[in-house]
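K.L.:
here is a sequence with its predicted model. Questions after.
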Amino acid sequence: MKILICADIHGNLEAFEAVLKAEGTYDTLVVLGDLVGYGGNPNECVRLAQHGKNLICVKGNHDAALLGELNKTWFAKHTTKSLMFTEKESTEDTRNFLKNLPLTVDFNEDILFCHGSPSHPLTEYLLGDVETVQTFEKMRSLGKRCCFVGHSHCAAAFRYNETDGMTEFTPSKDEKFFLGDDLWIFNPGSVGFPRTFNKNSKGERKELDITLEEFPAFYLIFNTDENLVEFKEVRYNAVKTAKKFTSVGTLWY
C-alpha cells in the first residue's frame, strides 16, 4: 500500500496541488493537520483534501483555532492576523469538516497519526529533546511502533531502540528509512509553509538554490508492503502564493 502523507498545508493551494500531481496514484492520503491558517485558500485546500483517496485527516492547532477550540493568544501576532482572515473566508462546509476531525488516528494497530504528539495532539512540538523521548515511552505504552506527526514544519526522523536510545536523523530528498523492529517518529515537513530547506544528511543547510519560482513542498511516502518511509520534495512556482500569504498578513519565508 502506498500512503501519501502531508502535513501543514496551511491554505497553500499551489503547493498542495503540486504534491498531488507529483505523486499521481496512491492508495491513501493522510493529512497530519493544519489544512488552514497562514495561506490564502483555506476552502480550496479543504475541498482538495476531501477528494483525496481514502482520506485520513487529523485536526491541527490552526484548524482548532478557527473553530474556537484553541485560544488565539497561543499564537504569534502575525499568525493571529492570518487566523482572522481564515475566519472571515472559511465557509460553513469548511468549518463542519474541520470540526469533525479526530485529534489522533490509529492505523493498522501499531501506527499512529497526529498533528503535535500523542500526549498533546494540538500543541506539542517534537524537536528531539526530552519531549520526544517521552513520546517514545508513550508509544510503547500504547503499543505503537511508528508515529507520524507534523506541527514543527521541519522534516525529521527519530528512531528509538534499547541499545542506542534515541537517534535523530536529518533526512535528505528521497532518503528512505526501513522501520524494522525499532520505534520511529516521522515528520514530513510542511507542504505549504516549510521552515527548513534542503538539509543534507550532515545537517548542513543549502538554501541558495531556492527561489520563489522553484519553491519546495515536503511530504512522505509510506510503503506499507516494504516497511519503508521515504522523504519527498516537489518544486512549484510560489510567486502567486507568496503574494497571497503577504496579503493575509503572514510573514513569508
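P.N.:
That came through, no problem.
K.L.:
alpha carbons only for contacts and neighbour counts from here, please
P.N.:
Will do.
K.L.:
tell me the contacts of the closest residue to Val239 other than its chain neighbours?
P.N.:
Counting by C-alpha to C-alpha, 6 or more residues apart in numbering, Val239 lies nearest to Leu212, which is 5.4 Å off, once chain neighbours are set aside. When contacts are counted by C-alpha atoms under 8 Å, 6 or more residues apart in numbering, Leu212 is found next to 237-239, 242.
K.L.:
now secondary structure too, for these, in CSV please.
P.N.:
Output for the contacts of Leu212, formatted as CSV (DSSP: H, G, I helix; E, B strand; the rest coil):
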residue, secondary structure
Asn237, coil
Ala238, coil
Val239, helix
Ala242, helix
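K.L.:
buried ones only from those residues, please, as a PyMOL command.
P.N.:
Restricted to buried positions by 16 or more other C-alpha atoms under 10 Å, the PyMOL selection for these reads:
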select buried, resi 237+238+242
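K.L.:
nearest to Pro42, of the contacts of Leu212?
P.N.:
Set against Pro42, the nearest of these by C-alpha to C-alpha is Ala242 (14.8 Å).
K.L.:
that closest one contacts Trp252, doesn't it?
P.N.:
Yes - using C-alpha atoms under 8 Å, Ala242 is in contact with Trp252, at 6.4 Å.
K.L.:
show me the strands in the stretch 51-200 of the chain, by range?
P.N.:
Ranges of strands within the stretch 51-200 of the chain are 56-57, 104-107, 111-114, 146-148, 156-161, 165-169, 176-178, 183-187, based on DSSP state E, counting those that start in this stretch.
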